[in-house]
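Chemist: take this sequence and fold it.
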Amino acid sequence: MNTPAPQCLDLATLQRAVAHAAAFRFRRRLQPAGGAGDKVFPPTFSGAVYASEKRRVPQRVDPVDCVLLDSVQSQANRMEAALQDAVDAGLIELPVLSLDFGPYAPTGDIEADKSEGRLIDALGKITSLQAPHRIADALLRDSEVEEAGKKVAFRQSSKGKALNTVSVANATALFELCPTALVFGVWDSTGPKGGLGPKFERAMVSEVVGIGAENGDLLRGVRRDPIEARSKVPILKTAGGEWTIATDPKAKNVVAPSEVNHGSVPYPKDREKKTADNRFSGVTIEYAEQITTLSLIVLRRLRFPVAGSAADKDIDAAARTVLAALGLCAAALAFESGMGLRSRCLLWPEQPLTWELLATPGEPPATFALTSADAVALLNEAVAAAKARKLPWLSEPLVLKPSARLLDLARQSQDLATKAEDTKD
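Modeler: Purely as a prediction, here's the structure:
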């Protein structure tokens, strides 16, 4: 029996799904780009360990050893980065806040830059698609915007103040300024209300897991130093990142050559500790699985009153449709052609990205194809429909400038980073 080809998702179908269905989802297998059985490197967490656990896997009797290859938070960041690229390329029109450090770019003379309060390393622009906590990030909170010819703290500006009153029942200001926060979630925990600040749950959740994971073995040859610098040679670290051979091996600040990046990387000293050390040496897996869901139930909880108008179900529906299209577009842009998660963790999908719509319990889900080009067109069409309903949508980036204290914090942090001394927090 042939499986029917997936339909192409259009705006009318998406609108019906947003009104009644539970979720869109896709699950697909991936293999290392080097082929099945090639080693991959998961992310490390606190204590330099992998996130390993046993999971129940369909068609397996016993739980299977698995390892996290990309977390929900990391997947969200990858989708936001893909959206930023699409904005930069002019493919989509998406509201973003842009913190511009541009005027403080360095001249190349470090001492002159410091004396003028310039940054040693230019930061350029940081947008709400790149900031760790989206629109609620402290970088944006501690920035300024020009309003009526004056510099005003962002959260004290007319648009910033609107964020203090957003809620599930009134998400319009967030829709206007940072709709991705309504898709990927946000908590304004550092704003004026602290822990009581508005919180929006994730509608989009994605994760990549390695199934059937086996740890590697660290006991193998490693890099040798061409000059064979020995650890007992006394090195004296001096100012400005320089060093010299110490005449007194017992002098203060004497270190091994490895402290100035000379010397071989040795075998593990204790071969009995190889089990713990395996955490650093990658894993092999049967396959990786990416599981992504877009909850339409979460989106239907949101309301979008427009100033001067009573609650309107058609306006709510138009805004929710934009958010659904935004989530689908982000996934297509980020994951259509595989995933380069980190060094030695490039994954290639075994099948194309196909969405399932969970609409009617007990019935097989309808399947939909959505290429990145189609997803961009769908998002643009949904945005146009929302604008026709008078929903606010920031067409140009809202440009912020760093406050004097934020700029000074960045400059002094960069200054410390250039020093040779170990500046532990």
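Chemist: just confirm Glu80 is within a helix.
Modeler: Yes. Glu80: assigned to a helix according to DSSP: H, G, I helix; E, B strand; the rest coil.
Chemist: correct me if wrong: it contacts Ala330.
Modeler: Yes. The pair Glu80 / Ala330 is scored as a contact, 7.1 Å apart, by Cβ atoms under 8 Å. All C-beta atoms are positioned from the backbone trio N, CA, C, and that covers glycine.
Chemist: the residue nearest to Thr190 when sequence neighbours are not counted and Arg155: what is the separation?
Modeler: Nearest residue to Thr190 in three dimensions, chain neighbours excluded: Ala138, at 5.4 Å (Cβ to Cβ, 6 or more residues apart in numbering). Note on Ala138: its distance to Arg155, by Cβ to Cβ, to the nearest Å, is 11 Å.
Chemist: overlap in contacts of Glu80 and Ala330?
Modeler: Common contact partners of Glu80 and Ala330 (Cβ atoms under 8 Å, 6 or more residues apart in numbering): Thr180.
Chemist: and those two? Which one has more around it.
Modeler: Between Glu80 and Ala330, counting by other Cβ atoms under 10 Å, Ala330 is the more crowded of the two (30 against 22).
Chemist: name the nearest residue to the more buried one, sequence neighbours excluded.
Modeler: Spatial nearest neighbour of Ala330, excluding adjacent residues (Cβ to Cβ, 6+ apart): Met79 at 3.7 Å.
Chemist: that neighbour and Ala203: what is the separation?
Modeler: In terms of Cβ to Cβ, Met79 sits 12 Å off from Ala203.
Chemist: between the two, what contacts are shared?
Modeler: Contacts common to Met79 and Ala203, judged by Cβ under 8 Å, 6+ apart, are Phe184, Gly327.
Chemist: so Ala138 and Arg155 - more neighbours on which side?
Modeler: Ranked by neighbour count (other Cβ under 10 Å), Ala138 and Arg155 place Arg155 first, with 20 against 13.
Chemist: so the more buried one, which of the three states?
Modeler: helix.
Chemist: surely it meets Glu144?
Modeler: No. Applying Cβ under 8 Å as the test, Arg155 and Glu144 come out as separate, 10.1 Å apart.
Chemist: show me where the protein has its helices.
Modeler: In the chain, the helices defined using DSSP state H lie at 11-20, 72-88, 110-115, 138-141, 158-162, 172-177, 180-184, 274-277, 296-300, 313-335, 372-388, 404-417.
Chemist: let's test this: mean pLDDT of the fourth one, rounded?
Modeler: When pLDDT is averaged over helix 138-141, the result is 93.
Chemist: what of the fifth one?
Modeler: Confidence for helix 158-162, expressed as mean pLDDT, is 92.
Chemist: what do you get for the last one?
Modeler: The pLDDT scores in helix 404-417 average 84.
Chemist: with stretch 7-25 instead?
Modeler: Averaging pLDDT along stretch 7-25 gives 96.
Chemist: quick check: buried residues in that stretch?
Modeler: Within stretch 7-25, the residues that count as buried by 16 or more other Cβ atoms under 10 Å are Leu9, Leu11, Leu14, Gln15, Ala17, Val18, Ala21, Ala22, Ala23, Phe24, Arg25.
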